[in-house]
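Colleague: predicted structure and sequence below. I'll ask about it afterward.
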Amino acid sequence: MPETPPTPIPVGWREYIALPDWGIDRVRVKVDTGARTSAIHVAEYEELDDGTARFEVVIRERPKMRTVFVEAPLVREAVVKPSSGKRQRRPVVKTTMRLGGVEKEIEITLVCRKGMLCRMLLGRTALKRDFVVDVSSAYLASEKRRKKKKKRKPDTA
């Protein structure tokens, strides 16, 4: 695993990260310094008898739903106070995150984020020591994918 960079890497308020242990090469995240722990959108969730969980990570909702099924050991349960103000108990798992050349293990809570613009929130503990947030910018440590331009059909007149 790479070492901590000598100076923190600047990140924007929105980035793309990879979760290589889960086979996810790109998921859009909102960097949220108001959240302690990161959270990811899951559609299905099941606790197994051996202390692991099986869940369906939603990578994208539109234009076409894209999901990945994952099994991971449960680390703990967290009580989270989301923006709605109503406390929730959420399962927590660990995985490896890759952003801006840094690869590190982070904890993620599993939650339904249906209808939100970003499938994942990247919290303070995931950013700690390695990143500094520039809230006036987006995609400083990752590249935003450009939309493909549709080819124009030649005029047949």
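Modeller: Arrived safely.
Colleague: show me where the chain has its strands.
Modeller: 9-12, 14-19, 24-31, 38-47, 52-60, 66-80, 88-99, 102-111, 120-122, 131-134 (DSSP state E).
Colleague: of all those strands, which one comes closest to L140?
Modeller: strand 9-12 (4.3 Å; Cβ to Cβ). C-betas here are computed from N, CA, C, even on glycine.
Colleague: contacts for the closest one?
Modeller: With Cβ atoms under 8 Å, 6 or more residues apart in numbering as the contact definition, strand 9-12 has outside contacts at 31, 99-102, 127, 130-135, 137-141.
Colleague: flag the shaky bits of this protein, pLDDT-wise.
Modeller: 1-5, 145-149, 156-157 (pLDDT under 70).
Colleague: tell me which residue is most central in it.
Modeller: The centroid of the chain falls nearest to M120 when counting by Cα atoms, centre = their mean (3.7 Å).
Colleague: contact partners for that one?
Modeller: Counting by Cβ under 8 Å, 6+ apart, M120 has contacts I17, V27, R28, V29, K30, S38, A39, I40, H41, I108, R113.
Colleague: quick revisit: ok, of the contacts of strand 9-12, which come out buried?
Modeller: Burial by neighbour count, 16 or more other Cβ atoms under 10 Å: within these this picks out V31, L99, G100, V102, L127, D130, F131, V133, L140, A141.
Colleague: done for today, thanks.
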